[in-house]
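1. Pasted the sequence and its predicted model underneath.
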Amino acid sequence: MANPNIVAVTSILGTTTFLTPANTTANVLLSNAASSGLVFKINQIVCANVNGSSAVNATVAINNLAAGAGTNFPVISTISVPASASVIAVDKTTAIYLMENQSIVVTSGTASGITYTISYESIAS
């Protein structure tokens, strides 16, 4: 089921999770497996600079395959997050749906410099 029908919903489960990548390469923040029968409504992604002394670049992207594979489509790209500040990459006014066999990846300009927090709804039909 590539695009679950969200009119016939059987459950909506809210989840918040987070990741502080210890490297400067792309890391999977959220993955929706192929044939999961789910669609994820992304309500918010926050990029918080935990470095404390200098700005850190942050990138958030949607990949067209699960587990960080496939082509990368940036939502925000190399945004400078000031020291001890946060940037909202996605909120309810710009909510996105993560379909089956897609993923969200994040990249930090400094290892352990950004904590990414994602709040989403897992919708099953």
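-> Structure received. Numbers count the residues shown, from 1 in each chain.

2. from here on, contacts and neighbour counts on C-alpha atoms
-> OK.

3. Which strand residues bridge the residue most central in space within the chain?
-> Centroid-nearest residue in the chain, with CA atoms, centre = their mean: I104, separated by 4.3 Å. Note on I104: beta-bridge partners by DSSP bridges are L30, I62.

4. can I have stretch 112-120 written out in CSV, keeping just the CAs?
-> Only the C-alpha atoms of stretch 112-120 are listed here, as CSV (Å, rounded to 0.1, in the frame of the first residue of the first chain):
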residue,chain,number,x,y,z
SER,A,112,27.1,16.6,18.4
GLY,A,113,26.2,20.3,17.7
ILE,A,114,22.5,20.0,16.9
THR,A,115,19.7,18.1,18.5
TYR,A,116,16.8,17.4,16.1
THR,A,117,13.4,16.8,17.7
ILE,A,118,10.5,15.5,15.6
SER,A,119,6.9,15.3,16.5
TYR,A,120,4.6,13.2,14.3
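
5. shaky segments in this protein?
-> 1-2 (pLDDT under 70).

6. where along it do the strands fall?
-> Assigned by DSSP state E, the strands in the chain fall at 11-19, 27-32, 38-49, 56-63, 72-81, 86-90, 96-98, 102-108, 114-124.

7. Direction included, what does the first one pair against?
-> Strand partners for strand 11-19, identified by DSSP bridges, are recorded as strand 114-124 (antiparallel).

8. sorry, back to before: between the strands of the chain, which gets nearest to N3?
-> Evaluated with CA to CA, the strands of the chain place strand 38-49 nearest to N3, the distance being 7.3 Å.

9. That closest one vs strand 102-108, what angle?
-> 10 degrees (axes from the mean of the first three to the mean of the last three CA atoms, to 10 degrees).

10. Show me the contact partners of strand 38-49.
-> 3-4, 32, 55-56, 58, 81-92, 95-100, 113-125 (CA atoms under 8 Å, 6 or more residues apart in numbering).
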